[in-house]
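Asker: this is the structure alone, sequence omitted:
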Ligand SMILES: [Zn+2]
């Protein structure tokens, strides 16, 4: 029998359907699984090891439904001004991703993975691009993820923008990754597609076939800006979602990222197929592309999740952005709260559970032992009815103290146990001037 670990003496927010609040509660872990949740004193007798939460908040690890670890080296880069979404791609992201080599890919992953642990994000779904270092790129990110100790679903964004040979290399890397990661572990795979506007029919068909072969879905940016729709209408005479649908690319395992510019017919197709939509409000605001019609998508029963698009690894920060953009767009400060809670805590949990085959995003017996302690001691009454108010308006402003994933302590009292981030930052700094030179040379 594995050692048991009790994270106790805290205020437990179980989240999930039961949504319990347990004052002076604890979570008992054996191996990688939660074996009990309840009053701390009652669980203490069964524990071999103890983490004292000292009255602070114990809750499930957070989940990011769309990330770009590779965007890390854009921090501080001197790019040309971009005045619309296509210019953002051409002047920043497509120059940066072409500048990355395999070691850049590895270091680009380590830095935000440390941030994930520091902000209590224990599961991410990532979308990667490095057109001059495709072969082995997902393996290098997988190495970094394994060192960090969190869960990650990875994919390579297949695209025709670097020629058909580039697209084939992306497909090959995707197949190699899907072969390696298998199922049921800490790693997972999807078939990445950059966006409908950068793949022709043959490449898109190959992506759909590959996803089908490995019983997985696509992970694709959809109608982030209207340029994607204009491209689709001019080349194929149909809108993006219709094109994906006709190709067999929709379904419950497919992630359609953004969906800012979708019409009623497209919403209907997303709903009928059970496709997952991922909302990324900070990125949408940063790129000035608009805001997805989240209430309408949710009303049609579409599982809308919350991602960060690489803008941050902190999901409570992103949740606040989700709330505020909805207030702003609707000109109604009473709207958006329930939607944000549903996306981050219900739908992200369901998505991650489906990907990793283990109950995630909830503290309950049998769930994965992904548990965080936030340095937040409730100072107003905390009840099952107001936990999300505490999270978005209280805990979100505080730091995470302890992060545990699959029963392993990744950070204890603010100190990372698996990653030496100061060393990684120094090593990254040895590389990034050359990476930026390659960026500027394009
Ligand atoms: Zn993205």
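Answerer: The structure has been received and is ready for your questions. For clarity, every value in this text was computed on a predicted model and none was experimentally measured.
Asker: how about stretch 410-417, which residues are buried there?
Answerer: Judged by neighbour count using 16 or more other Cβ atoms under 10 Å, the buried positions of stretch 410-417 are 410, 411, 416. The C-beta positions use only the backbone N, C-alpha and C, and glycine is treated the same way.
Asker: and if you look at stretch 331-351?
Answerer: 336-337, 339-351.
Asker: now intersect the residues you listed with the strands, please.
Answerer: Using DSSP state E, no member of those sits in strands.
Asker: now flag whichever of those residues is closest to residue 48.
Answerer: Using Cβ to Cβ, residue 349 comes nearest to residue 48 of these, at 28.3 Å.
Asker: where do the strands sit along the stretch 151-300 of the chain?
Answerer: All strands of the stretch 151-300 of the chain, identified by DSSP state E, counting those that start in this stretch, fall at 151-154, 187-189, 191-195, 218-222, 255-258, 276-279.
Asker: got a pLDDT number for residue 184?
Answerer: On pLDDT, residue 184 comes in at 79.
Asker: what's near enough to touch it?
Answerer: 356, 357, 358 (Cβ atoms under 8 Å, 6 or more residues apart in numbering).
Asker: and it, what are its phi and psi?
Answerer: Phi and psi for residue 184, reported as degrees, to the nearest 10, are phi 90, psi 0.
Asker: and it, how far is that from residue 356?
Answerer: 8 Å (Cβ to Cβ, to the nearest Å).
Asker: let's see if you can find the most crowded of the contacts of residue 184.
Answerer: residue 356 (23 neighbours; other Cβ atoms under 10 Å).
Asker: wait, doesn't that one sit right on residue 125?
Answerer: No: at 10.2 Å, residue 356 does not count as touching residue 125 under the criterion of Cβ atoms under 8 Å.
Asker: what touches both of the two?
Answerer: With Cβ under 8 Å, 6+ apart, residue 356 and residue 125 have common neighbours residue 153.
Asker: follow-up on the earlier one: and the strands of the stretch 151-300 of the chain as CSV, adding distance to residue 3 and mean neighbour count?
Answerer: CSV is the format used below for the strands of the stretch 151-300 of the chain (distance: least, Cβ to Cβ, whole Å; neighbours: other Cβ atoms under 10 Å):
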stretch, distance to residue 3, mean neighbour count
strand 151-154, 21, 27
strand 187-189, 24, 24
strand 191-195, 38, 27
strand 218-222, 37, 28
strand 255-258, 37, 27
strand 276-279, 37, 29
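Asker: what are the bridge partners for residue 158, then?
Answerer: Judged by DSSP bridges, the bridge partners of residue 158 are residue 193.
Asker: which ones are touching it?
Answerer: Residue 158 makes contact with 167, 170, 171, 174, 191, 192, 193, 194, 199, 203, 206, 207, according to Cβ under 8 Å, 6+ apart.
Asker: and with 6 Å instead?
Answerer: Contacts for residue 158 (Cβ atoms under 6 Å, 6 or more residues apart in numbering) come out as 167, 170, 171, 193, 207.
Asker: before we move on, what about residue 279?
Answerer: Taking Cβ under 6 Å, 6+ apart as the test, what residue 279 contacts is 292, 294, 304, 306.
Asker: do the same with residue 252
Answerer: Each residue near residue 252 by Cβ under 6 Å, 6+ apart is listed here: residue 274.
Asker: do you know how far it is from residue 401?
Answerer: 36 Å.
Asker: now swap in residue 168 and tell me
Answerer: Counting by Cβ to Cβ - residue 168 and residue 401 are separated by 47 Å.
Asker: ok, residue 395 - how many residues close by?
Answerer: Look at residue 395: counted by other Cβ under 10 Å, it has 23 neighbours.
Asker: show the pLDDT at it.
Answerer: pLDDT, residue 395: 97.
Asker: re the thing from before, out of the contacts of residue 158, which one sits closest to residue 362?
Answerer: residue 193 (30.8 Å).
Asker: can I see the domain layout of this protein?
Answerer: 4-61+360-416, 69-356 (automatic domain parsing).
Asker: now these in CSV, with distance to residue 425?
Answerer: What follows is those, written out as CSV (distance: least, Cβ to Cβ, whole Å):
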stretch, distance to residue 425
domain 4-61+360-416, 12
domain 69-356, 7
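Asker: between the ones you listed, which one is nearest to residue 431?
Answerer: Closest among the domains of the chain, once you apply Cβ to Cβ, is domain 69-356, at 6.1 Å.
Asker: before we move on, back to that, who's more crowded, residue 168 and residue 401?
Answerer: Using other Cβ under 10 Å as the criterion, residue 168 and residue 401 rank with residue 401 on top: 23 against 14.
Asker: right, and that one touches residue 375 too?
Answerer: Yes: assessed by Cβ atoms under 6 Å, residue 401 is found in contact with residue 375 at 4.6 Å.
Asker: among the buried residues of stretch 331-351, which are located in helices?
Answerer: 337, 339, 340, 341, 348, 349, 350, 351 (DSSP state H).
Asker: picking up where we left off before, closest to residue 299 out of the buried residues of stretch 331-351?
Answerer: Using Cβ to Cβ, residue 339 is the member of the buried residues of stretch 331-351 that lies nearest residue 299, at 10.0 Å.
Asker: list the contacts for that closest one?
Answerer: Here residue 339 is in contact with residue 294 (Cβ under 6 Å, 6+ apart).
Asker: in stretch 175-190, what counts as buried?
Answerer: Those would be 175, 176, 177, 178, 181, 186, 187, 188, 189, 190, for stretch 175-190 by 16+ other Cβ under 10 Å.
Asker: of the ones in helices among the buried residues of stretch 331-351, which pair is most distant in space?
Answerer: Distance extremes for these: the farthest pair is 337 and 351 at 20.6 Å, using Cβ to Cβ.
Asker: point out where this protein drops to low pLDDT.
Answerer: The chain contains residues with pLDDT under 70 at 1.
Asker: tell me, what residue is most central in it?
Answerer: Closest to where the C-alpha atoms of the chain average out (Cα atoms, centre = their mean) is residue 64, at 2.6 Å.
Asker: tell me the secondary structure at the closest residue to that residue other than its chain neighbours.
Answerer: Leaving out its chain neighbours, the residue that sits closest to residue 64 by Cβ to Cβ, 6 or more residues apart in numbering is residue 124, at 4.5 Å. Following DSSP: H, G, I helix; E, B strand; the rest coil, residue 124 is assigned to strand.
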